[in-house]
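> sequence plus predicted model, see below.
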Amino acid sequence: MAEIDARLRTGAQIFMKLIEQRNQQIAGAAAIISRDHAFQEAFAGADQDRPTTLSALESLQNRVKADSILIASLERKLLFDTSRPTLHDVAFPFPGLIAAAEKNQSASGFVVLNHQLYATAVTPMLAPEPIAWLCSGFRVDDELAREIQSYTRLEITFLAPQIVFATTFDGKQRNRLRSILAKDVSPPMKQVISLRIAGETFVSYALPLPAENGMVVALLQRSLDSELAPYLRLERTYLLLAVLGLLVSAGLAIWIARGVSRPVLQLATGAKKIAEGNYQHRVRLKQKDELGALANSFNQMSEGLAERDRVRDLLGKVISPEVAVELLERGVALGGEEREVSVLFPTCAILPGCVNHFPRTTCSRFSIITSPAWRQSWRSMAASWISMSATHSWPSSAPRSHIQTTQTAP
């Protein structure tokens, strides 16, 4: 905001320089007219031929592109007015300019004439002494305001209380400005203020203009919305970049999360399949990172479990499940054990045959007990045991004398 205020004040200084230069140009144009020899001759016969003098005056007006030329007598009486040809012998409307010209040989300023604003200059007509005062006026209109705008890059309005003489605004903004002034709202002089005109905010700076017969103000304005537009565009650009960065970051985060979660989910699914007994399930990951190594270890574990299950199933077919479990848990080792075994036979009559069929054993002692009541059942039992024992290789170092028999009473 401070930068906008500085630009506005700089524009105001440029505006005042341009006004001074224009007043000097107007004063120079007035001096040319006052020294024109043909016009001086026409003015000398003005009392006898007024229309000829007015025609010569209008010709000079067109030559210098003035909008109005007035001539006043040394007594400050209006003699000629090109904008009002019939008006004469009345008090000159701008005596202050003549008073300033008497002191400085010329004077310039702004005047309000017929509800229009004019930039005027007053110079004496010399022949060779002053014989009258010539006042040339240039109307301040929208074209002049736009010309000054091209140098200052400001919105310019020339106004008086409740009157807009010229402005660079057009259409809706012009009407809105007039409605504001119709409420007798006068902006403070040489202060930066904000005005809301037709939905747009303007930073405004009012400059008083030297005027002969009224309070004339030049209102210099700069659109705050236009000044902030580059910053707003930059802000939108940064916001867009931030949103794009956020979206890209979110996309990358999702991609990375999926890259981690998918292998983990596959491993979890594999673990569930293994828990259900499906040892053939394999986790297939193409990654060569830690997750890939974990998947390979998982597959090796599955193969190991499948092999163990196959061995357990094979052992279960030849031995009891309890023995298979013990073998799997304790391992298999070659060798033997010494145990005390008691075998009950129904009669001792079978003992000779039994003893003859026993191989040498590592058992330390057999206690054979017979009972007539159990004879028949134990015969078949002993025969099965003998048949099983005959299939094993027994150490020859164990003497048969270790087998002891005991017969019980029938």
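Received it, and whenever you're ready, just let me know what you need.
> residue closest to the middle of this structure?
For the chain, the residue nearest the mean C-alpha position is Leu239 (1.5 Å; CA atoms, centre = their mean).
> and the pLDDT at it?
At Leu239, the model reports a pLDDT of 93.
> for it, give its distance to Leu232.
Distance, Leu239 to Leu232, using CB to CB, to the nearest Å: 10 Å. The C-beta positions use only the backbone N, C-alpha and C, and glycine is treated the same way.
> quick check: mean pLDDT of stretch 168-180?
Mean per-residue pLDDT for stretch 168-180: 82.
> only the C-alpha atoms, please, for it, written as PDB.
This file holds the C-alpha atoms of stretch 168-180, laid out as PDB (Å, rounded to 0.1, in the frame of the first residue of the first chain):
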ATOM      1  CA  THR A 168     -10.800   9.900 -17.900                       C
ATOM      2  CA  PHE A 169     -13.600   7.800 -16.600                       C
ATOM      3  CA  ASP A 170     -16.400   6.800 -18.900                       C
ATOM      4  CA  GLY A 171     -19.800   5.200 -18.700                       C
ATOM      5  CA  LYS A 172     -20.800   3.800 -15.300                       C
ATOM      6  CA  GLN A 173     -17.800   5.100 -13.400                       C
ATOM      7  CA  ARG A 174     -18.400   8.700 -14.600                       C
ATOM      8  CA  ASN A 175     -22.000   8.600 -13.500                       C
ATOM      9  CA  ARG A 176     -21.100   7.100 -10.200                       C
ATOM     10  CA  LEU A 177     -18.500   9.900  -9.600                       C
ATOM     11  CA  ARG A 178     -21.100  12.500 -10.400                       C
ATOM     12  CA  SER A 179     -23.500  11.000  -8.000                       C
ATOM     13  CA  ILE A 180     -20.900  11.100  -5.300                       C
END
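> helix, strand, or coil at Glu75?
coil (DSSP: H, G, I helix; E, B strand; the rest coil).
> number of residues surrounding it?
If you count neighbours by other CB atoms under 10 Å, Glu75 ends up with 8.
> equivalent analysis for the one 3 residues further on, please.
Around Leu78 there are 19 other residues, counting by other CB under 10 Å.
> quick check: the gap between it and Leu87.
7 Å.
> now do the helices in the chain.
2-34, 37-44, 50-64, 95-104, 142-152, 172-182, 224-275, 290-318, 321-330, 351-357, 375-390 (DSSP state H).
> go through those helices and find the least confident stretch.
helix 351-357 (a mean of 49).
> picking up where we left off before, the residue nearest to the centre of the chain and Ser68: what is the separation?
56 Å.
> can you check Leu314 too?
Distance of Leu314 to Ser68, computed by CB to CB: 127 Å.
> please parse this protein into its domains.
1-227, 277-330, 341-407 (automatic domain parsing).
> of all those, which one comes closest to Ala250?
domain 277-330 (22.8 Å; CB to CB).
> so how far is that closest one off the chain centroid?
The chain centroid and the centroid of domain 277-330 are separated by 56 Å, computed with CA atoms, centre = their mean, to the nearest Å.
> oh, and call the first residue 30 from now on, that's how I've got it
Fine by me, first position is 30 from now on; the one you just mentioned is domain 306-359.
> got CSV for the helices of the chain, with distance to Ile226 too?
Converted to CSV, the helices of the chain look like this (distance: least, CB to CB, whole Å):
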stretch, distance to Ile226
helix 31-63, 15
helix 66-73, 46
helix 79-93, 36
helix 124-133, 34
helix 171-181, 15
helix 201-211, 5
helix 253-304, 11
helix 319-347, 67
helix 350-359, 96
helix 380-386, 129
helix 404-419, 118
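> who wins for proximity to Ala150 among these?
helix 31-63 (3.9 Å).
> check which residues of the closest one are buried.
By neighbour count on 16 or more other CB atoms under 10 Å, the buried set for helix 31-63 is 36-37, 40-41, 44, 48, 51-52, 55-56, 58-60, 62-63.
> now for the residue lying closest to His310 once chain neighbours are set aside, how many residues are close by?
Spatially, and ignoring its direct neighbours in sequence, His310 is nearest to Lys302 (3.9 Å; CB to CB, 6 or more residues apart in numbering). When neighbours are defined as other CB under 10 Å, Lys302 has 16 of them.
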